[in-house]
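Colleague: give the three-dimensional model of this entry:
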Amino acid sequence: MSQINPHITFNGNCRDAITFYKEALDATLEIITVGQSPMAAQFPADKADSILHSSLTKGAMVLLASDGIGPDETINPIANALSLSLSCSTEDELKTYLSNLSAGGDIIFPLHDFFAGKMAVTRDKFGIKWTIGYYPNQAGA
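Modeller: Numbers count the residues shown, from 1 in each chain. Predicted structure coming up:
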């Protein structure tokens with residue numbers, strides 16, 4: 001089933017914030033730092049401890065968060081701090097949503113292999129950033 005999950009980008013304090021939310025919501029937390037990822041060499045060495053991806057879950061509730069680590073990650077409440085993460089049921093669905101959401105906007109990261117699936121990032125014509133992924137081995141996909 002397709003779903004939309006909120007994703008919050010923090011200005012270097014993601015670990016503090018997501019740990020706070022974990023405690024506040026009594027949820028399960030998974031964190032991947034830049035240094036732990038297969039893409040570590042693609043980032044400056046001083047970003048190794050930055051959060052590349054975190055996932056807070058409790059039942060059907062999912063909150064995703066990361067530190068702003070890319071070149072366009074100046075924290076702006078509308079354009080960067082909050083984005084939407086769309087998990088798709090099929091790769092074709094991912095391609096359709098990417099095409100539809102990028103119309104009039106721009107593709108930040110083109111469709112590419114990512115961990116055990118595919119993903120892309122686009123900013124729509126309203127300035128909202130979307131991370132769109134298909135992960136066939138993920139539960140519920």
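Colleague: so where is the chain shaky, pLDDT-wise?
Modeller: Applying pLDDT under 70 to the chain picks out residues 70-81, 138-141.
Colleague: what segments of it are strands?
Modeller: 3-10, 28-33, 51-58, 61-67, 82-88, 106-114, 117-123, 129-134 (DSSP state E).
Colleague: deepest in the core, which of those strands is it.
Modeller: Stretch with highest mean neighbour count among those: strand 129-134 (a mean of 22; mean count of other CB atoms under 10 Å). In short, each C-beta sits where N, CA and C put it, glycine included.
Colleague: which secondary structure elements does that one contact?
Modeller: If contacts are counted by 3 or more CB pairs under 8 Å, 6 or more residues apart in numbering; DSSP states H and E, strand 129-134 sits against strand 82-88, helix 91-102, strand 117-123.
Colleague: right, and these - which one's nearest Ile108?
Modeller: Taking CB to CB, strand 117-123 is the member of the helices and strands packed on strand 129-134 nearest to Ile108, at 4.3 Å.
Colleague: now Ala60. Its backbone dihedrals?
Modeller: When read as degrees, to the nearest 10, the backbone of Ala60 gives phi -80, psi -10.
Colleague: got the domain boundaries for this protein?
Modeller: 11-75, 80-141 (automatic domain parsing).
Colleague: and the ones you listed as CSV, adding distance to Gln3?
Modeller: Below are the domains of the chain laid out as CSV (distance: least, CB to CB, whole Å):
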stretch, distance to Gln3
domain 11-75, 8
domain 80-141, 6
